[in-house]
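**Q** compute the structure for the input listed below.
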Amino acid sequence: RQVAVPATAKRVSVKWTGIIAKNLHNGTFRSPFSPNDWNSNDTMPKRSSYQQRVIRNYYDNRDAIMVQRLGDLVTDLFLAEGKARVKLWKRVATTLEKLKVPADRIEHLVQSDNPTLLANELKELLKES
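**A** Coordinates of the predicted model:
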């Protein structure tokens, strides 16, 4: 995809290299990171056995990680105010979805805006695990 660059933007203070600088000078910019521009030889390298083990351990322990994250969010909610609190409730909703808590329960917790109810939900999740 090509984007026309205004004449005033042709001079760039950032140091550009190779094709990007040439395209800026010509008045068009095309991202070199587009997958359509990759050669067939440009594939991602295979993961090492260590990397595979780290990824596998993450998914094996994902529920425990999410419960820990939820505990941290409960603590933060007790201290947060205003916009930060709204953002935290969005993160709580996402975390609860990953823990497969029913959507109506999540909606009730978020709408109540009560960290104590969330702490009680966390206790129930800890009992289950």
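
**Q** give me the element residue 93 is part of.
**A** Taking DSSP states H and E as the criterion, residue 93 maps to helix 82-98.

**Q** so what touches that helix?
**A** 62, 66, 69-70, 73, 76-77, 80, 103, 105-106, 109-110, 113, 118, 121 (C-beta atoms under 8 Å, 6 or more residues apart in numbering). All C-beta spots, glycine's among them, are computed from the backbone N, C-alpha and C.

**Q** low-confidence ranges, the chain, go.
**A** By pLDDT under 70, the weakly predicted segments of the chain are 1-42.

**Q** where exactly do the helices run in it?
**A** Ranges of helices in the chain, per DSSP state H, are 18-26, 49-60, 62-79, 82-98, 103-112, 115-128.

**Q** quick one, the fourth one and helix 62-79 angle?
**A** Compare the direction of helix 82-98 with that of helix 62-79 by axes from the mean of the first three to the mean of the last three C-alpha atoms, to 10 degrees and you get 160 degrees.

**Q** how close does residue 82 sit to residue 89?
**A** Separation of residue 82 from residue 89 (C-beta to C-beta, to the nearest Å): 12 Å.

**Q** and the two? Which one has more around it.
**A** Using other C-beta atoms under 10 Å as the criterion, residue 82 and residue 89 rank with residue 89 on top: 20 against 7.

**Q** what's the spacing between residue 91 and residue 64?
**A** Distance of residue 91 to residue 64, given as C-beta to C-beta: 18 Å.

**Q** these two: which is more packed in?
**A** Neighbours were counted for residue 91 and for residue 64 using other C-beta under 10 Å; residue 91 has more, 15 against 10.

**Q** picking up where we left off before, redo the helices of the chain as JSON lines? Include distance to residue 43.
**A** Output for the helices of the chain, formatted as JSON lines (distance: least, C-beta to C-beta, whole Å):
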{"stretch": "helix 18-26", "distance to residue 43": "21"}
{"stretch": "helix 49-60", "distance to residue 43": "16"}
{"stretch": "helix 62-79", "distance to residue 43": "27"}
{"stretch": "helix 82-98", "distance to residue 43": "30"}
{"stretch": "helix 103-112", "distance to residue 43": "39"}
{"stretch": "helix 115-128", "distance to residue 43": "40"}
